[in-house]
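Asks: Based on what follows, work out the 3D shape:
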Amino acid sequence: MELYLPIAQMSVHWLVILGMGGSVGFLSGLFGIGGGFLLAPLLMFAGIPPGVAVATTTSQVSAATFSGVVTHWKRKTLDLKMGTLMLCGGLTGTATGVYIFRLLREMGQMEFGVAVSYVVLLGSVGSLMLAESVKTIRDIKAGRTSGGRKPGQHNWIHGLPFKMRFRRSRLYISIFPPLMFAFMVGVLSAIMGVGGGFIMVPVMIYLIKMPASMVPGTTLFQVLFVTATATILHSVDNYSVDLVLAALLIVGGVIGAQIGVRLGGRLRGEQMRFLLALLTLAVAARLLYSLVVTPHDVYSLTIGAA
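Replies: Okay, the predicted model is just below:
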C-alpha cells in the first residue's frame, strides 16, 4: 500500500519507509550513533527531495536516540554532566546550521550542496575509521597492545585551560573540546540531517579519552536534543518536515534501536568500528556515483520563488 507524502509531494510504499527507519534505528542502538548520515541519503535514493529528506530525518533520529538514551540511563552508562556540556555547544551549532540551510535553499543549491557535503564527510570519516579498525584488529591478532585508551594517557587536549571534572567518566579536562565538537555536530545536524554520533564517538574515545562504555549513551544524549531542536527549527523556519514520512520512520526507528542496543554488547569495539566504516564508505560511494553519472532527465523545470 502506498501513502502520499504531502510535503514531499509524492507517493511511497509504507513498508519501504518503515524498513529504512528500522534499519537505521538498529544501527543507532548498535553503534551509539544517530543514524541520520545513512537515512537521509537512503531517502534521497528513494526519490525524496533532499530538503525534505534532511529535515524529516532529524525527527526520526530524535525518536531512535530517545529510545537508546533511556536504555543507557537505566544501565548507568551515560555521563549527564558531559552530555549537558555538549548540548550547549550543539544547540548553538544547530541554530547556525538552520540559517545556512535556508541560505542554500534560497540560492537553489540545496541538492548539490547536501550531496557534496555527504560525499566529503562520509568519505573522510569512513576512511579514517576503516584504517584505525583494521590496524587494531591486526594488533590484536599479532598480540600487540592496541592504540586505544590507556590509563593515565593524555594528549594536547588535556593541557587546555578551564578544566572541569566529570566523575562518571573519570575525566578532568577543558570544557572547550566538547563544546567545539558539539557545535560542529549541531551545524551538521541542521544542514545534513545527521545526528553527528559517527563523528562524536571517535572524538570522545580517541581525543577526549572517555571510557568506551560511557561514549554511546553520552553521545546519544547530546544527539537527542540537537536533532529535536533541528526538527522544530526546520518545521518553523523552512516548512520542510513531512509528518507522514516522519511517523513511519519514527515507528521503525524506535523498534530497531532497541534491538541494536541489545546486540551491541556482543560485538567488540574494533569489529563495530570496522562494520560502521564499511557502511559509511558504501553510502559515500553511492552518493558520489549519483553526482558524476549522467541523469536520465538532463533538463528539469522547477518553479522558483517569487
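Asks: Flag every buried residue along the helix or strand hosting L188.
Replies: Remark: L188 resides in helix 176-192, with elements defined by DSSP states H and E. By 16 or more other Cβ atoms under 10 Å, the buried positions in helix 176-192 come out as 177-179, 181-192. Where you see a C-beta, it was placed from the backbone N, CA and C, and this is true even at glycine.
Asks: which helix is the longest one in the protein?
Replies: helix 110-142 (DSSP state H).
Asks: Distance-wise, check L130 relative to G143.
Replies: Going from L130 to G143 by Cβ to Cβ, to the nearest Å gives 22 Å.
Asks: out of the two, which sits in the more crowded spot?
Replies: Each of L130 and G143 has its neighbours counted (other Cβ atoms under 10 Å); L130 has more, 17 against 6.
Asks: Mind pulling up the pLDDT for the closest residue to the more buried one other than its chain neighbours?
Replies: Spatial nearest neighbour of L130, chain neighbours left out: A277 (3.7 Å); criterion: Cβ to Cβ, 6 or more residues apart in numbering. On the pLDDT scale, A277 is placed at 76.
Asks: and A277, what helix or strand is that in?
Replies: Assigned by DSSP H and E, A277 falls in helix 269-292.
Asks: Please save the CA atoms from that helix in CSV.
Replies: What follows is helix 269-292, C-alpha atoms only, in CSV (Å, rounded to 0.1, in the frame of the first residue of the first chain):
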residue,chain,number,x,y,z
GLY,A,269,34.7,-2.3,19.7
GLU,A,270,37.1,-2.8,16.7
GLN,A,271,34.6,-5.1,15.0
MET,A,272,31.8,-2.5,15.4
ARG,A,273,34.0,0.3,14.0
PHE,A,274,35.1,-1.9,11.1
LEU,A,275,31.5,-2.6,10.1
LEU,A,276,30.4,1.0,10.5
ALA,A,277,33.4,2.2,8.4
LEU,A,278,32.4,-0.2,5.5
LEU,A,279,28.8,1.0,5.7
THR,A,280,29.9,4.7,5.7
LEU,A,281,32.1,4.3,2.7
ALA,A,282,29.4,2.4,0.7
VAL,A,283,27.0,5.3,1.2
ALA,A,284,29.7,7.8,0.2
ALA,A,285,30.4,5.8,-3.0
ARG,A,286,26.8,5.7,-3.9
LEU,A,287,26.3,9.4,-3.5
LEU,A,288,29.5,10.1,-5.5
TYR,A,289,28.2,7.9,-8.3
SER,A,290,24.9,9.9,-8.3
LEU,A,291,26.9,13.1,-8.7
VAL,A,292,29.0,12.1,-11.7
